[in-house]
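Visitor: Coordinates for the following, if possible.
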Amino acid sequence: MSDFAQTGLICTLQRLNDGHLAKIERDLAGLATEQGIALVLPCHGGDLERPALAHIVAELAEGPRFLREIVVSMNGVTAEQFERAEGRFAALPMRRTFLWNDRPGVAAGIGGKGGNVAAALRHLVGEGTCGIIATQDADVASFRRQDLARLCYAVAEPRLGFEFAKMYYPRVTDRLYGRVSRLFLAPLLQALVRVAGHQPLLGFLLSFRYPLSGEVAMTRETAAALPVAAGWGLEVGQLCEVFRQLDPRRVCQVGGGAGYDHKHQPATTALAGMAAEIAAELFRQLGAEGLPADAAFRRAVAAAYRREAALALHRSASLALINDLPFDENSEREMIAVFAGTLDQ
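Guide: So this is what the prediction gives:
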């Protein structure tokens, strides 16, 4: 039985008919002749050497041509890597632009993925030739061109009336992944509701099934109006700005296929840093909405988070058990302790 549920403040566009995907691509190619669609691919130097990027390029080289331009926006690359980058994308038929955002002699900006996205958006907004801009993480080993087409179609099709779309997908292959989302952000948002009550911004964020997804599509006008947050706070910060800029009726989330596989981060190092940056951005955004950010408020949120995270752990364990997936409950509990520690700092 398909999931038709429409909950929260935004429209959810579930994936119900895989037989329609080829038509979506063909229709999108027609829409793109008038509007122009650009793809932003933020890359770290390490991404250029991984098989995931080669797979993305191979997928984009086939099928209907709905992209007018791709912007490969890079940091952490050497001069040699930057020179070789164009060759890695040579098979693509669309216009290709390469940005090196931390090259020697360039003043330090936002940095990281946020800096790569910001630079690409500035380029595309300034260029003005594409009416729709999508972003795609470069580390997705299971990328499917038709998922990107559905995401772009949600904004390109004028009958739908959306100005911002975000993809969601289950982070599961042979086991449950997505720990920062499952065990940190989701229970943290619930904890904030417990402490601060129902706030419009929190309700908006809770409407998204996977708020940390890096795959979005938006109109050029929306892109021009959105500030870009630094580091791992990028996705949360972006959604908070979308909340301020757009009517929720102009926002949707689009279901991607199952088995979306990102690069997996080491637990106690990278994931802890991600959680700390996400929390910092979230508290900053809540402060802008008038909520307190003092020590007492944060202590209350940290205590509520521990309770909500315990519930999230039980739910994840139950989901794994009923689907016969391996699940290391002790490891997940240790990860929650690491996440909780970022809130205590």
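
Visitor: just the helices in the protein please.
Guide: Secondary structure of the chain by DSSP state H: the helices cover 21-35, 45-48, 51-60, 79-88, 112-127, 145-156, 179, 186-196, 200-206, 220-225, 234-245, 272-288, 295-322, 329-344.

Visitor: Reformat these as JSON lines; add mean neighbour count.
Guide: Just so you know, the C-beta spots here come from the backbone N, C-alpha and C atoms, and that holds for glycine as well. Converted to JSON lines, the helices of the chain look like this (neighbours: other Cβ atoms under 10 Å):
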{"stretch": "helix 21-35", "mean neighbour count": "16"}
{"stretch": "helix 45-48", "mean neighbour count": "17"}
{"stretch": "helix 51-60", "mean neighbour count": "17"}
{"stretch": "helix 79-88", "mean neighbour count": "13"}
{"stretch": "helix 112-127", "mean neighbour count": "21"}
{"stretch": "helix 145-156", "mean neighbour count": "24"}
{"stretch": "helix 179", "mean neighbour count": "23"}
{"stretch": "helix 186-196", "mean neighbour count": "21"}
{"stretch": "helix 200-206", "mean neighbour count": "18"}
{"stretch": "helix 220-225", "mean neighbour count": "18"}
{"stretch": "helix 234-245", "mean neighbour count": "22"}
{"stretch": "helix 272-288", "mean neighbour count": "20"}
{"stretch": "helix 295-322", "mean neighbour count": "16"}
{"stretch": "helix 329-344", "mean neighbour count": "16"}
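
Visitor: Quick check: which ranges of this structure have low pLDDT?
Guide: By pLDDT under 70, the low-scoring segments of the chain are 1-2, 106-109, 258-268.

Visitor: and the spatially most central residue of it, what does it touch?
Guide: In the chain, the C-alpha nearest the mean C-alpha coordinate belongs to Gly214, at 2.0 Å (Cα atoms, centre = their mean). For Gly214, the contacting residues are 42, 113, 135-137, 234-235, by Cβ atoms under 8 Å, 6 or more residues apart in numbering.

Visitor: Over to His20?
Guide: No contacts exist for His20 under Cβ under 8 Å, 6+ apart.

Visitor: how close does it sit to Leu28?
Guide: The spacing between His20 and Leu28, counted by Cβ to Cβ, to the nearest Å, is 12 Å.

Visitor: And for Gly46, nearest residue in space, chain neighbours not counted?
Guide: Leaving aside its chain neighbours, Gly46 sits nearest to Gly76 (7.0 Å; criterion: Cβ to Cβ, 6 or more residues apart in numbering).
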